[in-house]
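**Student:** Fold the following and give me the result.
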Amino acid sequence: MDSNRLFHPGKTTNIGIIVMCVCLIVAGYAESAVTAALKADAASYYGPCPAEMDFKGTITSDKSGKIQYRIKSSDGTLFPVETLEFSGPGTKTIKAKRTFGDPTQTSYEAWAAIEIVYPEEFLSDKATFNLACDQMSSDLTLKIKECPKTARPGQDIGNAFKVKAINRGGISVSDILVDIILKKEPQCPVPAQPAEYSANFHDGVLLKGGRHQVSLNAGQSLALNLNGPNTVPADISPGDYFLCAVIDAGNKIKESNKENNCSCCPLRIAASAAKPDLEIAAFRFRGWGKCEPNQPIFYFEVTVANVGSAPSPAMPDKALVQVTDLPRNDWQSSVGLNSIPPGGRQTVEVPIYYYSKDPAHMTKAVPHPFRAIVDPLRLINDRRDKNQMSDIIYLDPSSVCSGK
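**Tutor:** Numbering: from 1, shown residues only. You can find the predicted model right below:
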């Protein structure tokens, strides 16, 4: 045989190229690596079953691409496949809640693991934990969801979120406190004490209108009727916070698990929108007029200050400053205002005219209590909802209306 034909230089080169390509492909697959790990938040559980267990896990990839996974558990349940997108090498954290436990069993060991289904298939190490089921023990928990993404200082968020209280135990409970609080971190003290309300922010402050009572039968879930204003403190600084609901605030019930008595969702506090804020800075009696039809009987002087962060709109022809006789409320007069800048003031004169509708009232029901009110018709989008009112000035027009 011709040895030159067996070891032809051209063919040798071609074989070398093929071998090198195969090695590169094999090396490429060998270098690709995905790892996964899962851990239960608690190594054991004692209380009524079924029980909801929390897990934290990590999935690591050495390159960009898509990874699909699901949680697999010892009871054979396969949960839906979820997808992670990696823009490059790195590690992503996952969280999961899964329900375990059979009320007919007293205790057993269970496990959960991460099953990677793409781009390769494998099962992570198992996160094991023990369950001891006692259907007569108490376990109260709750869920807070559908929270608003943002709120402003002083805002009433009302029922813009949902809270569900849950009694997983075998014993009914009554008159249990549920507090709605605002915190810097999504954790609550265990056991939780009743939160303290304040108009000023502090970590864990009870929102105005944020305390509720709930009674739950064994195994009952109940959506709370959030009928309070749930007002954010007006002095809170912009930033990231957490809106939390706490059940059994005050530690009234002995429970198998107190760690699940708090549920939180993120809430960003945005800077306050610039608004005017008008208030009565001064209210004075200026002098008498004439006790004659169509004539002012007396004059008042009212000084209005803008303590807000934006100019008030000019409304010279609207009823922005009103002075009224309190017993009747229809013996009154109003004037308008020009624009007032933040920190500015404006003084106006308000005459009270002869009361032609019932002249006898002027001298019969004395002295008359008069009060000044700013923006009684709420024409201005003010920082505060309530109308700002002055102190009362008492006047008796009998001296100028004698014999009338």
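**Student:** rest of the way, CA atoms for contacts and neighbours
**Tutor:** OK.
**Student:** Outside of stretch 231-239 itself, list whatever touches it.
**Tutor:** 151-158, 198-201, 207-209, 268-271 (CA atoms under 8 Å, 6 or more residues apart in numbering).
**Student:** again, only using 7 Å
**Tutor:** Contacts with stretch 231-239, where a contact means CA atoms under 7 Å, 6 or more residues apart in numbering, come from 153-157, 199-201, 207-208, 268-271.
**Student:** With stretch 42-49 instead?
**Tutor:** 101-103, 129-137, 139, 168-169, 256.
**Student:** Which pair of the contacts of stretch 231-239 spans the longest distance?
**Tutor:** Pairwise distances across the contacts of stretch 231-239 (CA to CA) peak at 19.8 Å, for the pair 208 and 271.
**Student:** the more surrounded of these two?
**Tutor:** Higher neighbour count among residue 208 and residue 271: residue 208, with 20 against 13, using other CA atoms under 10 Å.
**Student:** ok, then the element right after the strand or helix carrying that one?
**Tutor:** For residue 208, the element it lies in under DSSP states H and E is strand 205-216. Counting by DSSP H and E, the element after strand 205-216 in chain order, helix or strand, is strand 221-223.
**Student:** So in that sheet, which strands flank that next one, and in what orientation?
**Tutor:** Note on strand 221-223: by DSSP bridges, its sheet partners are strand 162-167 (antiparallel).
**Student:** List the buried residues of stretch 334-343.
**Tutor:** Using 16 or more other CA atoms under 10 Å as the test for burial, stretch 334-343 gives 334, 335, 336, 337, 339, 340, 341, 342.
**Student:** Grab the nearest non-local neighbour of the third one.
**Tutor:** What it means is residue 336. Excluding its sequence neighbours, the residue lying closest to residue 336 (CA to CA, 6 or more residues apart in numbering) is residue 316, at 4.0 Å.
**Student:** could you measure that neighbour against residue 353, distance?
**Tutor:** Using CA to CA, to the nearest Å, we find residue 316 at a distance of 20 Å from residue 353.
**Student:** Same question for residue 56.
**Tutor:** 75 Å.
**Student:** and those two? which has more neighbours close in?
**Tutor:** residue 353 (20 against 15).
**Student:** who touches the more buried one in this structure?
**Tutor:** Contacts of residue 353 (CA under 7 Å, 6+ apart): 294, 295, 296, 297.
**Student:** Now with 10 Å, please.
**Tutor:** 289-299, 331-333 (CA atoms under 10 Å, 6 or more residues apart in numbering).
**Student:** Buried among the residues you listed? Need that as a selection in ChimeraX.
**Tutor:** Restricted to buried positions by 16+ other CA under 10 Å, the ChimeraX selection for those reads:
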select :289,291,292,296,297,298,299,331,332,333
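**Student:** my guess is residue 158 contacts residue 228, does it?
**Tutor:** Yes. Using CA atoms under 10 Å as the test, residue 158 is close enough to residue 228 to be in contact (6.1 Å).
**Student:** which residues are common contacts for these two?
**Tutor:** 208, 209, 210.
**Student:** what's around the last one, how many residues?
**Tutor:** Right, residue 210. That count, for residue 210 with other CA under 10 Å as the rule, works out to 21.
**Student:** wait, it sits on residue 229?
**Tutor:** Yes. Using CA under 10 Å, residue 210 is in contact with residue 229, at 7.5 Å.
**Student:** what do the two both touch?
**Tutor:** Joint contacts of residue 210 and residue 229 (CA under 10 Å, 6+ apart) are residue 158.
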